[in-house]
Every structure is written in structure tokens, then in C-alpha cells.
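> Quick one, fold the following:
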Amino acid sequence: MSISPGPGFFNRIAACFSIVFLILASLILTGAMQPTPVKAQGEGGGGLEGTWLNDVKIVACPPGPPVVFATFQSMTTFMRGGVAIEDGSPPAPGGVSRSTGHGIWKPTSEHSFHEFFRFHTFDDHGRLNSIVEFISDPSLKNGELIGNGTNTITVINPDNGAVVNVTRGCNEATSRRFSFED
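From the prediction side, this is the model:
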């Protein structure tokens with residue numbers, strides 16, 4: 001005596017397996033995408049997330065005399081989960097164009113955080129000619145983001161990719177949030 005499954009038995013098993021697989025995959029993905037709490041909150045309300053207009057000064061590092069080498073504006077957008085995008089500043093010396101800056105940030109206290117971002121500059125043939133990195137530890141105070149940091153410019157030979165030199169410096173920035181007028 002043999003027992004054989006009826007018509008459509010294997011199709012029903014395959015359909016049940018597919019449904020169980022989709023449910024498990026959904027649970028795994030939902031668990032992996034939990035939002036990251038934002039702890040860096042400014043005095044007087046408002047958090048870090050959003051777009052900020054930056055007034056930046058490239059300055060002599062202490063203990064040297066206070067010298068401002070360059071000033072410019074840029075924009076930074078801080079996103080939930082510790083992602084930062086920076087743009088709008090000029091290329092480093094020797095560069096014709098530059099990439100958008102990509103970076104990360106994390107809270108370090110209730111009103112302060114640590115930030116790192118990097119962008120590339122290119123010569124007139126579109127070849128990489130420098131890597132610019134910024135590190136900063138700003139704080140939110142009275143609706144402004146204020147902080148000092150360091151910057152590193154690595155000059156690259158566009159012909160062979162070799163490092164020509166590395167220049168380190170300091171920066172000061174004051175930023176205000178983009179917002180709709182009340």
C-alpha cells in the first residue's frame with residue numbers, strides 16, 4: 001500500500017514556505033532598521049538634525065598667533081543615524097572642482113557632538129588632486145552651532161596618485177539652522 005499526496009500538494013507546501021520566508025524576512029528587516037535616538041539637543045530647544053549654514057574660518061593652530069588664512073561659507077545637513085553631508089564651500093587650493101563632503105556625527109553630551117567629514121578636489125582634467133578632511137567638536141548654544149576643529153589637506157599627484165604633501169590646520173565655525181521665517 002502506498003500513500004501519495006493529492007493534486008497540488010507540493011504547490012501548497014511551496015506557497016506556505018514562501019509566506020513563512022516573507023514573514024521572517026520582514027521581521028528581520030524591521031528589527032534592523034530601528035531609528036537612532038538623537039541626544040544632541042540645543043539650549044533653548046531644537047536638535048542637530050537639519051541643514052545648517054556655516055561661516056568657517058581656517059586659522060593658525062594654537063599656540064601660534066591668531067591668524068585667519070581663509071573665510072568661506074558652506075552648508076551641512078545632519079541626518080538621523082549619524083550621517084552628515086557638507087557642500088557649498090570652494091575647492092582647496094589647486095582644485096578646480098570638488099565633491100560633496102560625506103561624513104558622520106555622534107552626540108558626545110547633551111549639547112555637544114563629534115563630527116568628521118571628507119571631500120575630494122579635482123584638477124581641470126577631472127583627476128583627484130586632494131583629499132580634505134575636517135574634524136570638529138561643536139556645541140549647540142542659543143540656536144547656533146559653535147565649534148573649533150582641525151582640517152587636513154592631503155595633496156595628491158594627479159598623474160600617479162602619490163601623496164605630495166599633507167597640511168594640517170585648524171578651523172572655527174559658527175552655524176545657523178535653515179528655517180522658515182515665522
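> Give me the residue ranges of the chain where confidence is low.
Applying pLDDT under 70 to the chain picks out residues 1-46, 92-94, 182.
> Can you show me the strands along it?
Ranges of strands in the chain, per DSSP state E, are 50-59, 68-79, 83-87, 97-98, 101-107, 113-122, 128-136, 139-141, 144-156, 163-177.
> Each with direction, which strands does the first one pair with?
Strand pairing for strand 50-59, determined by DSSP bridges: strand 68-79 (antiparallel), strand 163-177 (antiparallel).
> before we move on, back to that, need the strands of the chain in JSON lines with mean neighbour count, can you?
Just so you know, the C-beta spots here come from the backbone N, C-alpha and C atoms, and that holds for glycine as well. Shown next, in JSON lines, are the strands of the chain (neighbours: other Cβ atoms under 10 Å):
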{"stretch": "strand 50-59", "mean neighbour count": "17"}
{"stretch": "strand 68-79", "mean neighbour count": "16"}
{"stretch": "strand 83-87", "mean neighbour count": "16"}
{"stretch": "strand 97-98", "mean neighbour count": "15"}
{"stretch": "strand 101-107", "mean neighbour count": "18"}
{"stretch": "strand 113-122", "mean neighbour count": "20"}
{"stretch": "strand 128-136", "mean neighbour count": "20"}
{"stretch": "strand 139-141", "mean neighbour count": "19"}
{"stretch": "strand 144-156", "mean neighbour count": "18"}
{"stretch": "strand 163-177", "mean neighbour count": "15"}
